[in-house]
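Novice: I need the structure of the sequence given here:
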Amino acid sequence: MESLSLVTKAEAKCDLPIRALQFGEGNFLRGFIDWMIFKANQKGLFNGRVLALQCTPRGRVVPKLKAQDGLYTTILHGVDENGAEHEEIEVINTIAAALNPYEAWEPVLAAAMSPELKFVFSNTTEAGITYAPEQAFNTDVCPETYPGKLTAILHERFKAGLPGLWVVPCELLDNNGTLLQEIVLKHAVEQGLGADFEQYVKTQCRFINTLVDRVVSGYPKDNAAEVEAKLGYKDELMTCGETFHFLALEGDEEVSRELPFAAAGLNVVVAPDITPYRLRKVRILNGTHTSNVPAAFLAGLDTVDQMMSDPVTGKFARSVIYDEIIPAVNLDKEMLVSFADDVVKRFSDPSMHHQLASILMNSTSKVKARVLPTILDARAKGILPKKLCFALATYIALYHGSTGLPVKVSRAEGKSGEFMDDAYAAEVMTKAWSVYQKTEASALFTVKTVLSDTKLWDCDLSSDVDLTALVARLLHAIISDGVIATMKDLLEHN
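Specialist: Below you'll find the model as predicted:
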């Protein structure tokens, strides 16, 4: 069987110019933003393609993109209101080229000088939009962080007298565009790039706050051969996901005009304030993932649909949503329940096979952004959310017996797994577990070590004595009795 390329799919050839740099070449951007651009191009609206850039030294996708001429297949599945299943299969040709900036930084800078370039898209996870000091900028070596790379690119355009770029981050952080701009300006000061460049970033570049929503499960590793037999070609970059999609862009009519996704018939909203959309999505959809996946993974499950269909983890996840998250969130309850109902249906779709291991990536930043705010809102109302405290405990339990990166996880039924997280978080966890002596009292010291770290959480969570004690009790129960037994106890006695 031949591999996907312009040889096997000559009709996918596209000569549209590169109008966007894309930091990240993974499943989500390919199954979301690149798919949207493809749809807009079909309607003659966006009229451009992207240069995909590897955002970490560990990436493996760029060589595959080059081998496949930038082509890949999206396989999207959905269930309509009547319960009928439907599937959409398309060969996406949005990616015009792909580069590894760690191997070829000068070509990236050269591409960034194109007068046709207008946009920058990114999905580097929540951990990607953070400030870390950079070495002096050098056109031979790329900066380490995404904001550092972006700052260097914008500075080169500034020096060349080129217009600023529109920056559209897809990372799940509050006010992600505003935050990214602040970090770029911090790098500008760090690098001594001058007041004129800082003004250029503030006035000539546009940083757009966004909210993205689509489950993209990625490569169908469990039945890849079967799918390829149906397609009639091999594709190492097949990207599976749900037909559901939603994008909120904070802006005005100019944003609607320049990013014409809604005009292409896509589920995209442009609004002056996207806070309500972001809050319900991050707290309910992403918060449900982040709070329930560690337990399901420890219990030996592998995918989100398995988690939702399991009699214990599925019931527990639903209780987390309806009994703890929704009461804590300060938005219209009817809107939240309606959205939650859709989320449960989406998570339960057996065709998604969304891997739990992929959701565990960068767990610490995800807990901080997606779960902790709900816990704090509940505490402000005088509520101690037991199941969300259990979520904190299972997050800590992931690191039991592991040192360093990647985090090695011991799971039920003799299974194992691993995931990457922030190096500092892994260091804190190693220190925390070193004091555990298989007693609830020592579990309290372990939990205090984690929750008191203000560098991880921007506050001392251990100052909440009741919360800390409950997390410690649940953590000890998880280690002593098992994750499923602990969940059953919470379900029966909550």
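Novice: helices and strands of this structure: which one has the lowest mean pLDDT?
Specialist: strand 216-218 (a mean of 90; mean pLDDT, DSSP states H and E).
Novice: So the protein: which segments form each domain?
Specialist: For the chain, automatic domain parsing gives the domain ranges 10-271, 275-493.
Novice: Pro163: neighbour count?
Specialist: Other residues within reach of Pro163, judged by other CB atoms under 10 Å, total 13. No exception for glycine: its C-beta is placed from N, CA and C like everyone else's.
Novice: List the backbone torsions phi and psi for it.
Specialist: phi -60, psi 160 (degrees, to the nearest 10).
Novice: does Met420 really touch Val407, like I thought?
Specialist: Yes - using CB atoms under 8 Å, Met420 makes contact with Val407 at a distance of 7.3 Å.
Novice: Distance from the chain centre to stretch 86-93, please.
Specialist: 22 Å (CA atoms, centre = their mean, to the nearest Å).
Novice: How about that stretch, which residues are buried there?
Specialist: Val91, Ile92, Asn93 (16 or more other CB atoms under 10 Å).
Novice: I'd like those as JSON lines, with distance to Gly48 appended.
Specialist: JSON lines is the format used below for those (distance: CB to CB, whole Å):
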{"residue": "Val91", "distance to Gly48": "18"}
{"residue": "Ile92", "distance to Gly48": "14"}
{"residue": "Asn93", "distance to Gly48": "12"}
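Novice: before we move on, the earlier item: with distance to Ser3 added, can I get the domains of the chain in TSV?
Specialist: Output for the domains of the chain, formatted as TSV (distance: least, CB to CB, whole Å):
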stretch	distance to Ser3
domain 10-271	4
domain 275-493	23
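Novice: Quick one: closest of these to Met1.
Specialist: Met1 lies closest to domain 10-271 among these, at 5.3 Å (CB to CB).
Novice: Need the distance between the two termini of that closest one.
Specialist: 39 Å (CA to CA, to the nearest Å).
Novice: That domain: how far from the chain's middle?
Specialist: With CA atoms, centre = their mean, you get 13 Å for domain 10-271.
Novice: Renumber starting at 44 from here on
Specialist: With 44 as the first residue, the last one maps to domain 53-314.
Novice: number of nearby residues for the closest residue to Arg257 other than its chain neighbours?
Specialist: Ranked by CB to CB, 6 or more residues apart in numbering and with sequence neighbours excluded, the top spatial neighbour of Arg257 is His288, at 4.3 Å. Each residue near His288 was counted by other CB under 10 Å, and the total is 21.
Novice: show me the contacts for His288.
Specialist: Applying CB atoms under 8 Å, 6 or more residues apart in numbering, one finds that His288 lies in contact with Phe75, Trp78, Met79, Asp256, Arg257, Leu309, Asn310.
Novice: count of neighbours near the closest residue to the first one other than its chain neighbours?
Specialist: This means Phe75. Nearest non-adjacent residue to Phe75, counting by CB to CB, 6+ apart: Arg257, 5.1 Å away. The number of residues packed near Arg257 is 20, by other CB under 10 Å.
Novice: related to what we said a few turns ago, Met463 and Val450: who's more crowded?
Specialist: Val450 (22 against 17).
Novice: give the contact list for Leu152.
Specialist: Per CB under 8 Å, 6+ apart, neighbours of Leu152: Thr182, Ala195, Ile196, Glu199.
Novice: Lowest-confidence entry in those?
Specialist: Least confident entry in those, by pLDDT: Thr182, with 93.
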